[in-house]
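> Just the structure for this:
(one chain, ligands or ions: 1)
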Amino acid sequence: MTDRYAVIGNPVSHSKSPLIHRLFAQQTGQDISYEAIAAPLDGFAATIARLRREGYKGCNITVPFKFEAYQCATRLSDRATSAQAVNTLSFNAEATAGDNTDGAGLVRDIEQNLAVNLKDKRVLLMGAGGAAYGVVLPLLTAGAALTIANRTASRAIELASHFPQAEIRAGSYQELAELTFDVVINATSAGLTDSEVPLPPGIFAPGALAYDMMYGRETPFLAFARSQGAQLADGLGMLVEQAAEAFYIWLGIRPETAPVIAQLRT
Ligand code: ATR
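Numbering: from 1, shown residues only. This is a model prediction of the structure:
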């Protein structure tokens, strides 16, 4: 019997996850179905209950339900706990297991696809909202020396305080003057409104990578990074890598991501 999976969001019709998972399934010879399901804003838990009842094996969760998914999981991975958000649920008789593959997807895209080893690299994470929470633990696990900056400095400090063992520097953008970084990651939503985030010139070390978790167009952050001579990357690779990590959780198989990223770029 075909195993059923889905992505749940609202809205969700724009999601590339069904295409990505269809390509993974073709490539690895897996017999699965994967559809996009729009849950009503007040009906996320009911939608999950229905999928369980109908025998789905798992689902991905996208905006705006990642926190509700975190609350409704009966078992959580460390990455989901530290993210306080779940983007991958697996259903079995005993549990609704919640994981978060966003940070692993980001790290894999940077290290494998962009060939930048994060160990001991000076990494600046911009933002302290849900997108930033999702990636801190995997960045620390990769050995990055992390700084978190946010427009509202207190939120950056709050985010860093969840990792007392790590030496994370946290504060405002103004405090970044005179500092340089090997990797700068934009996890703010500023690009959605075409807003500029106030980074000082000289923030990029020679050969630095500027990574925007958004994809689809050049954000003001990437335009600034281009003007500073940085290497540029958008979030399309992360999107495919987080999907590959979910596919691995469900099926125990790692699909090849490079051909899928290439296909989505065309
Ligand atoms: P998400 O889940 O996408 O991360 P969020 O929780 O609303 O969304 O967080 C948005 C992030 O983008 C925050 O870090 C926010 O900064 P504040 O905490 O100060 O609000 C940041 N952000 C949004 N618009 C911004 C802008 N124009 N300049 C700088 N930071 C911005």
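> Every contact and neighbour count from this point should use C-alpha atoms.
Will do.
> Just confirm yes or no for the top strand by length along the chain near the ligand.
Longest strand in the chain, counting residues (DSSP state E): strand 204-212. No. Judged by C-alpha under 6 Å from any ligand atom, strand 204-212 stays clear of the ligand, getting no closer than 12.1 Å.
> Which positions in the stretch 51-200 of the chain make contact with the ligand?
Residues of the stretch 51-200 of the chain lying near the ligand by C-alpha under 6 Å from any ligand atom: 127-132, 150-152, 188-190, 195, 197.
> buried ones in the longest strand of the chain?
Within strand 204-212, the residues scored as buried using 16 or more other C-alpha atoms under 10 Å are 204-205, 208-212.
> Please apply the same query to stretch 109-127.
109-110, 116, 118, 121-127.
> Now name the helix or strand holding residue 158.
Using DSSP states H and E, residue 158 maps to helix 153-161.
> Centre of the chain to that helix, how far?
In terms of C-alpha atoms, centre = their mean, to the nearest Å, the gap separating the centre of helix 153-161 from the centre of its chain is 19 Å.
> returning to what we had before: so of the buried residues of stretch 109-127, which two are at opposite extremes in space?
Greatest spacing in these, by C-alpha to C-alpha: 116 and 127 (21.4 Å).
> one step back: which other residues reach the helix holding residue 158?
127-129, 133, 148-150, 168-172 (C-alpha atoms under 8 Å, 6 or more residues apart in numbering).
> The following helix or strand past it - what's its average pLDDT?
Using DSSP H and E, the next helix or strand after helix 153-161 towards the C-terminus is strand 169-171. Across strand 169-171, pLDDT averages out at 98.
> Direction included, what does whatever helix or strand comes next after strand 169-171 pair against?
Next along the chain after strand 169-171, taking DSSP H and E as the criterion, comes strand 181-186. If you go by DSSP bridges, strand 181-186 pairs up with strand 122-126 (parallel), strand 204-212 (parallel).
> possible to save those as JSON lines with mean pLDDT?
Formatted as JSON lines, the strands paired with strand 181-186 follow (pLDDT from 0 to 100):
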{"stretch": "strand 122-126", "mean pLDDT": "98"}
{"stretch": "strand 204-212", "mean pLDDT": "98"}
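> Next, count neighbours for residue 195.
Residue 195: 12 surrounding residues under other C-alpha atoms under 10 Å.
> That one: what's it in contact with?
Going by C-alpha under 8 Å, 6+ apart, residue 195 touches residue 220.
> how close does residue 113 get to residue 49?
Distance from residue 113 to residue 49, counting by C-alpha to C-alpha, to the nearest Å: 37 Å.
> same deal with residue 166?
For residue 166 relative to residue 49 (C-alpha to C-alpha), the value is 38 Å.
> Among those two, which residue is more densely surrounded?
Under the criterion of other C-alpha under 10 Å, the comparison of residue 166 against residue 49 puts residue 166 first, with 14 against 11.
> Is the nearest residue to the more buried one once chain neighbours are set aside in a helix, a strand, or coil?
Closest residue in space to residue 166, ignoring its immediate chain neighbours: residue 140 at 7.6 Å, by C-alpha to C-alpha, 6 or more residues apart in numbering. Three-state assignment for residue 140 (DSSP: H, G, I helix; E, B strand; the rest coil): helix.
> Show me which helix runs longest in the chain.
For the chain, the longest helix by residue count, based on DSSP state H, is helix 236-251.
> Please export the C-alpha coordinates of the next helix or strand after that helix as PDB.
With elements assigned by DSSP H and E, the helix or strand that comes after helix 236-251 is helix 258-265. Extracted as PDB, the C-alpha positions of helix 258-265 are listed here (Å, rounded to 0.1, in the frame of the first residue of the first chain):
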ATOM      1  CA  ALA A 258      21.800  18.300  -5.800                       C
ATOM      2  CA  PRO A 259      19.600  17.300  -8.800                       C
ATOM      3  CA  VAL A 260      16.400  18.400  -7.000                       C
ATOM      4  CA  ILE A 261      18.000  21.800  -6.100                       C
ATOM      5  CA  ALA A 262      19.100  22.200  -9.800                       C
ATOM      6  CA  GLN A 263      15.600  21.300 -11.000                       C
ATOM      7  CA  LEU A 264      13.900  23.800  -8.700                       C
ATOM      8  CA  ARG A 265      16.300  26.500  -9.900                       C
END
